[in-house]
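Sequence plus predicted model, see below.
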Amino acid sequence: MQNLFMMIILVFCQLWAGKAETVEIFSDIMNKNIPAFIVIPDSYSGGNDSLPVILLLHGYGGDYKNWSSKTNLLRQADEFNFIIVCPDGNRNSWYLDSPMKPESQYKTFFINELVPWIKMNFRTNQMGITGLSMGGHGAFYLAIRHPELFDAVSGMSSGVDLTFSTVKWELAKILGPFELYPNRWYDHSVVNMVDLIQEGFMPILIDCGYDDFFIGINRSFHHRLIDKNISHIYVEKPGGHNWDYWTNTLDEHLRFFENAFNGSNIN
């Protein structure tokens, strides 16, 4: 633990210069280190002001390095003046606490360990959360269940209904077979959590391409929010379930967070 602490201090010395580095955060709940790629804008090193943080989540089969390998997060952190944190959510966690796998307790890690770690180690004022596909589901899932921690939420091509396929994406390993535990699948699906959203909830952006196989469940999420009179932005545009779409739309999501944090009328 002492070596880990010294490593973090060394990394922070570099981060203060406006760089990007990988850190490891120890998770007590899972008894392992979880890596995260963190990007600090140049402005952070020049004063004492607090900055917003964006949690940027990867999709199924990915890891914390995906976003940094596909887009210029250094440019985006400087342009929007955000601290960007890309945490690892394992290849198939779906950002849930698995009743099947003690080593996959990612909701608890994010809420009880990662977010406090960020607030302890950085000067922060507001926090947004977004992601693609599995990460979009994770963003909405965590924000809806813990609205006290976040100020805005968005998702790209989000897998908001876990019952879309009961055989793909290793969900049965996380939740157990659908045939045995259907209520788990329904209860953990974002599309079925709309009733948990209270008046005054944070700004929401839902974004999906016309040709994405998740377009139907995103439309369902959108219509359920309308039925409950929950304010949100819903965007459909050309594109599929791929990195061309996600890298092209990331700036739009960061702009959404910028407007949300500034109190602009974005809905």
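Received it, and whenever you're ready, just let me know what you need.

any idea how far stretch 143-152 is from the chain center?
On the basis of CA atoms, centre = their mean, to the nearest Å, the separation between the geometric centre of stretch 143-152 and that of its chain is 11 Å.

and that stretch, how far apart are its ends?
The first and final residues of stretch 143-152 sit 8 Å from each other (CA to CA, to the nearest Å).

what do you get for stretch 44-63?
From its first residue to its last, stretch 44-63 covers 26 Å (CA to CA).

Quick check: buried residues in it?
Across stretch 44-63, burial judged by 16 or more other CB atoms under 10 Å covers 44, 51-60, 62-63. C-beta coordinates here come from the backbone N, C-alpha and C atoms, glycine included.

Farthest-apart pair in these, please.
Across the buried residues of stretch 44-63, no pair lies farther apart than Y44 and Y60, at 31.8 Å, counting by CB to CB.

How about the secondary structure of the closest residue to M134 other than its chain neighbours?
The spatial neighbour of M134 that comes closest, neighbours along the chain excluded (CB to CB, 6 or more residues apart in numbering), is Y60 at 4.1 Å. Taking DSSP: H, G, I helix; E, B strand; the rest coil as the rule, one finds Y60 in the coil state.

Let me know the pLDDT of Y60.
The predicted local confidence for Y60 comes out at a pLDDT of 96.

Could I get the contacting residues of it?
R91, N92, W94, S133, M134, G159, W169, E170 (CB atoms under 8 Å, 6 or more residues apart in numbering).

what's the answer for L74, then?
Shown in contact with L74 (CB under 8 Å, 6+ apart): A20, V39.

part of a helix, is it?
Yes. Assigned with three-state DSSP, L74 falls within a helix.

Tell me how far it lies from V39.
To V39, L74 is 6 Å away according to CB to CB, to the nearest Å.

hey, what's Y234 bridged with?
Assessed by DSSP bridges, Y234 has beta-bridge partners I206.

Can you verify my assumption that it contacts I215?
No. Counting by CB atoms under 8 Å, no contact exists between Y234 and I215, whose distance comes to 11.4 Å.

Please enumerate the helices of the stretch 1-150 of the chain.
2-15, 66-70, 73-80, 106-108, 115-121, 134-145 (DSSP state H, counting those that start in this stretch).

Which of these sits closest to L254?
Each of the helices of the stretch 1-150 of the chain was checked against L254 via CB to CB, and the shortest separation belongs to helix 73-80, namely 4.8 Å.

Export only the CA atoms of the closest one, formatted as PDB.
Extracted in PDB, the C-alpha atoms of helix 73-80 (Å, rounded to 0.1, in the frame of the first residue of the first chain):
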ATOM      1  CA  LEU A  73      -8.500  13.600 -25.000                       C
ATOM      2  CA  LEU A  74      -5.700  16.000 -24.400                       C
ATOM      3  CA  ARG A  75      -7.200  18.500 -26.800                       C
ATOM      4  CA  GLN A  76     -10.700  17.900 -25.500                       C
ATOM      5  CA  ALA A  77      -9.600  18.400 -21.900                       C
ATOM      6  CA  ASP A  78      -8.000  21.700 -22.700                       C
ATOM      7  CA  GLU A  79     -10.800  22.900 -25.000                       C
ATOM      8  CA  PHE A  80     -13.600  22.200 -22.500                       C
END
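
Can you give me the buried ones in it?
By neighbour count, and taking 16+ other CB under 10 Å as the criterion, the buried residues in helix 73-80 are L73, L74, Q76, A77, D78, F80.

Could you identify the most distant pair in these?
Maximum pairwise distance among the buried residues of helix 73-80 (CB to CB): 11.6 Å, between L74 and F80.

and which of the contacts of Y60 is nearest H241?
Using CB to CB as the measure, the one of the contacts of Y60 that approaches H241 most closely is S133, at 6.8 Å.

just checking, the closest one touches M156?
Yes. Under the criterion of CB under 8 Å, S133 lies in contact with M156, with a separation of 7.5 Å.

Of those two, which one has the most company?
The residue with the greater number of neighbours, taking S133 and M156 and applying other CB atoms under 10 Å, is M156; the counts read 30 against 23.

pLDDT below threshold where in the chain?
Low-confidence regions of the chain, defined here as pLDDT under 70, cover residues 1-18, 46-47, 265-267.
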